[in-house]
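K.L.:
coords please:
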Amino acid sequence: MSTQTYDEGESGWLEFAAIVLFAVGFFRIISAIAYFANSHKLNDLTNGLFSSHNWAWGVWDLIIAAAAILAGLSILAGGGFGRVIGYIWAVLVIVQGFTIIGLAPWYAAASITVAVLVAYGLATTPRGSRAASS
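P.N.:
Now for the predicted structure:
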């Protein structure tokens with residue numbers, strides 16, 4: 001029987017950030033598929049950044065999804081690359097949130113909040129700590 005010790009210095013924010021990045025990444029893949037299919041369930045984003053070009057919104061969502069999933073994988077593996085990509089992802093999502101806040105206010109506010117929480121999780125965890133405990 002093995003016993004595990006709990007390090008008081010580890011808060012779990014890094015793992016939280018990685019899990020949120022995975023969840024948002026997979027959600028954005030589903031969202032991109034809806035944009036590519038010209039789904040009737042989409043918000044009216046014709047006054048948004050990419051106008052009525054649904055394919056551009058789909059590509060944007062795929063870029064956000066790829067960054068989120070790559071960052072989550074790297075963070076769980078203990079890599080510094082994931083931190084950098086996680087910060088870049090958070091900035092992109094916050095900027096997107098502010099560009100669509102007039103079109104979809106609840107979605108924009110929620111995405112800004114999630115991005116701020118991920119950035120907080122990355123910033124408050126020491127750089128030398130590993131997310132995946134051995």
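K.L.:
Strands of the protein, residue ranges please.
P.N.:
Counting by DSSP state E, the chain has no strands to list.
K.L.:
Could you measure from the most centrally placed residue in the chain over to A66?
P.N.:
Most central in the chain under Cα atoms, centre = their mean is L21, positioned 4.1 Å from the mean C-alpha point. According to Cβ to Cβ, to the nearest Å, L21 stands 11 Å off from A66. (C-beta placed from N, C-alpha, C; glycine too.)
K.L.:
Ok, V116 next?
P.N.:
Distance from V116 to A66, by Cβ to Cβ: 21 Å.
K.L.:
Likewise for L14?
P.N.:
The gap separating L14 from A66 is 20 Å, by Cβ to Cβ.
K.L.:
And these two? Which one has more around it.
P.N.:
Neighbour tally, L14 and A66, criterion other Cβ atoms under 10 Å: the higher count belongs to L14, 24 against 15.
K.L.:
was I right about that one contacting V118?
P.N.:
No. The criterion here is Cβ atoms under 8 Å, and L14 misses it with V118 at 10.1 Å.
K.L.:
Okay, helices next: where are they in the protein?
P.N.:
For the chain, the helices defined by DSSP state H cover 13-36, 54-77, 80-100, 105-124.
K.L.:
can I get these in CSV with mean pLDDT?
P.N.:
Below are the helices of the chain laid out as CSV (pLDDT from 0 to 100):
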stretch, mean pLDDT
helix 13-36, 90
helix 54-77, 89
helix 80-100, 91
helix 105-124, 93
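K.L.:
Just give me the neighbour total for the closest residue to I69 other than its chain neighbours.
P.N.:
Excluding its sequence neighbours, the residue lying closest to I69 (Cβ to Cβ, 6 or more residues apart in numbering) is G25, at 3.9 Å. By other Cβ under 10 Å, 22 other residues sit near G25.
K.L.:
who's in contact with G25?
P.N.:
64-69, 72 (Cβ atoms under 8 Å, 6 or more residues apart in numbering).
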